[in-house]
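**Q** give me the fold of what follows.
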Amino acid sequence: MSHTPHPSRKLNDLFSARPFQGVDPNKATFLFVGLDANYDAEIESHPIFERVLEYHKDGAAFWRRWGYHHPFLLPEFKYGHKKGYNFHRNFAKIGFSPEHADMVSFIELLHVPTTESKLDIQDLDRSHLQRINSAIFRGNAKYIFVSSGVVDLMRKTDEFDDWLLKVRRSPDENLPVLYSSGNRTVYLHLHFSAQYQDQRKKEEAKAIKALIYPERNPA
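**A** The predicted structure follows:
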């Protein structure tokens, strides 16, 4: 095993019931596929933990209630190493708002929460990977986003080969297209936790925002 499972029983129970964040990935318009959901090992002892549980029970309702897509962005969140904070802080810069709460889903290749990880295929659950593949190609998602690390791990499995072996890259430097068919497009982007290439992150955020608000970006 190349990951450290999170010790919180409550957090694991929620992931078992809902192995995603936000809305059901099959119902989302914007689907973000990540590696794993990372939390500090001691997060249960922090007052924000009740909000974390609320979020995992219904991410869209949480967003509408509190005005933030994730509890790590709440003003009262001040916690240790802030695992996962940079990811959600950078995501928030794109420009989604609570009105989009029913359109956004996050799902990770690993189906359980972690404290540390360097994932390989032996960590992954086949039925969960099939869930992801189904959401990408048979769900409502029009815009799917994956980072290079996610794509590399996908290629090591035998669940995504039908499209990963036929990857087509567009020349779009801001948000490269890996795959496109009909009204469904898979984009390659920098992982939101990346600590480098700030200019590229800004360009990608602008490109994703243009997908959210196409009326503001006339052809």
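
**Q** CA atoms only: put the longest helix seen in the chain into PDB for me.
**A** When the chain is parsed with DSSP state H, its longest helix is helix 198-212. Presented in PDB, the C-alpha positions along helix 198-212 are these (Å, rounded to 0.1, in the frame of the first residue of the first chain):
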ATOM      1  CA  ASP A 198       1.500  30.600 -11.400                       C
ATOM      2  CA  GLN A 199       1.000  32.200 -14.800                       C
ATOM      3  CA  ARG A 200      -0.200  29.000 -16.300                       C
ATOM      4  CA  LYS A 201      -2.600  28.400 -13.400                       C
ATOM      5  CA  LYS A 202      -4.000  31.900 -14.000                       C
ATOM      6  CA  GLU A 203      -4.400  31.200 -17.700                       C
ATOM      7  CA  GLU A 204      -6.100  27.900 -17.100                       C
ATOM      8  CA  ALA A 205      -8.400  29.400 -14.500                       C
ATOM      9  CA  LYS A 206      -9.400  32.100 -17.100                       C
ATOM     10  CA  ALA A 207     -10.100  29.400 -19.700                       C
ATOM     11  CA  ILE A 208     -12.200  27.300 -17.300                       C
ATOM     12  CA  LYS A 209     -14.100  30.500 -16.300                       C
ATOM     13  CA  ALA A 210     -14.900  31.000 -20.000                       C
ATOM     14  CA  LEU A 211     -16.600  27.700 -20.000                       C
ATOM     15  CA  ILE A 212     -18.700  28.700 -17.000                       C
END
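
**Q** elements contacting that helix?
**A** Packing contacts for helix 198-212, counted by 3 or more CB pairs under 8 Å, 6 or more residues apart in numbering; DSSP states H and E, involve strand 143-146. Backbone N, C-alpha and C define where each C-beta goes, glycine included.

**Q** list the strands paired with the strand it packs on, with their directions.
**A** strand 30-34 (parallel), strand 184-188 (parallel) (DSSP bridges).

**Q** most packed of those?
**A** The highest mean neighbour count among the strands paired with strand 143-146, using mean count of other CB atoms under 10 Å, belongs to strand 30-34: a mean of 24.

**Q** give me the number of residues near the nearest residue to Phe160 once chain neighbours are set aside?
**A** The shortest distance from Phe160 to any non-neighbouring residue, by CB to CB, 6 or more residues apart in numbering, is to Met154 (4.5 Å). Counted with other CB atoms under 10 Å, residues neighbouring Met154 total 21.

**Q** quick one: secondary structure of Met154?
**A** Here Met154 is recorded as helix under DSSP: H, G, I helix; E, B strand; the rest coil.

**Q** compute the first-to-last residue distance for stretch 32-52.
**A** 19 Å (CA to CA, to the nearest Å).
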